[in-house]
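J.: Here you go, sequence then predicted model.
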Amino acid sequence: MPYALNMTQRYFLSQPPKDQFAVLVGDEAHHLLKVMRKKIGEEVFLFDGSGVEYRAAVATIERNQVTLLVRESRQSHLEWAVPLTLATALPKGDRQKWLIEKLTELGCTRVIPLHTELSVAKAEPQVRKRLERYVIEASKQCGRLKLMEIEPQADFNDLIDRFGENTTSANLLIHPISDENVGQICIHDWVVNRPSLDALNVLVGPEGGFSPQEVQLALEKEWIPLDLGPRVLRTETAAIAVCAILAAVQEEKRFKGR
């Protein structure tokens, strides 16, 4: 039966439970023992990032490890019906954490750090590892049970070709287009009127924008240019804005389908 969530009692499992027992190690075990001071028999909620949540009780406590007895589990119903892959150039410094936190909360399915001609930040392996930790922290806070994926950094040209192979996906390029012949795109109406979509793919450039050559290539590959308004937005603002718009559309569809 359903049970209420206490967000301060949610812990991430690096491995799924086995034979009704789950094990917390590292930072998660430290937080449960040293910060929350949980004792044997007390209940907490666990999730392993696969879309399943577990209600469990502390069974045994060791120095750097906690074993818990799983009493109940439930599947997630928080993911988007149409998955969103957002390939975005990374901002600098602490703004990366803010970007990943908000995209996780909004329901983005997958993030791909994007390398473009004007990119300023690189997603080295240690950076990707840090971004994945931000996803876990944000998921614990917002109640999400399936982790947003962080892929290795990819090149603009490669992604244009990779996503262009799927004819049932929407491929959107976040870039202001001044050419009147291109036309203005209303993303809400466009997505609502495309019920056969099975994926949404969005490219967001660096603060210097996409180069003219990159924009031309995307248009030749039939990517749809989307202008988010007259103001110049930071990279992370643009990424979060388009994710929020698409989230609102999906929620509207979900409520209408009830």
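T.: Perfect, thanks for sending it.
J.: what residue ranges in the stretch 101-250 of the chain score low on pLDDT?
T.: Scanning the stretch 101-250 of the chain for pLDDT under 70 picks out 165-167, 177-196.
J.: So which residues of it form strands?
T.: 110-115, 149-150, 154-155, 169-174, 199-204, 224-226 (DSSP state E, counting those that start in this stretch).
J.: what's the most buried one of those?
T.: strand 199-204 (a mean of 24; mean count of other CB atoms under 10 Å). Any C-beta I mention is one placed from the backbone N, CA and C, and that applies to glycine too.
J.: Next, the residues that contact it from outside, please.
T.: With CB atoms under 8 Å, 6 or more residues apart in numbering as the contact definition, strand 199-204 has outside contacts at 82-89, 114, 156, 159-160, 163, 166, 168-174, 191, 210, 218, 223, 235, 238-239, 242-243, 246.
J.: Of the strands of the stretch 101-250 of the chain, which is nearest V23?
T.: V23 lies closest to strand 149-150 among the strands of the stretch 101-250 of the chain, at 23.6 Å (CB to CB).
J.: what's next to that closest one, contact-wise?
T.: Counting by CB under 8 Å, 6+ apart, 100, 109-111, 113, 128, 131-132, 135 sit against strand 149-150.
J.: can you give me the offset of it from its chain's centre?
T.: Centroid separation for strand 149-150 versus its chain: 7 Å, with CA atoms, centre = their mean, to the nearest Å.
J.: Also stretch 68-82?
T.: Distance of stretch 68-82 from its chain centroid, counting by CA atoms, centre = their mean, is 17 Å.
J.: Quick check: buried residues in stretch 41-61?
T.: 43-49, 51-56, 58-59 (16 or more other CB atoms under 10 Å).
J.: From those residues, which land in strands?
T.: 43-47, 52-56, 58-59 (DSSP state E).
J.: Just the buried ones from the contacts of strand 199-204?
T.: Buried among the contacts of strand 199-204 (16+ other CB under 10 Å): 82-89, 114, 156, 159-160, 163, 169-174, 191, 210, 218, 223, 235, 238-239, 242-243, 246.
J.: ok, back up a step: out of the strands of the stretch 101-250 of the chain, flag the one nearest S76.
T.: Nearest of the strands of the stretch 101-250 of the chain to S76, taken as CB to CB: strand 149-150 at 14.8 Å.
J.: who does that closest one pair up with?
T.: Partner strands for strand 149-150, per DSSP bridges, with pairing direction: strand 110-115 (parallel).
J.: hmm, who's touching the partner strand?
T.: Counting by CB under 8 Å, 6+ apart, 83-90, 100, 103, 122-123, 127-128, 131, 148-156, 159, 203-205 sit against strand 110-115.
J.: just to revisit the earlier point, and the contacts of strand 149-150, which two are furthest apart?
T.: Most distant of the contacts of strand 149-150, by CB to CB, are T109 and R128, 16.7 Å apart.
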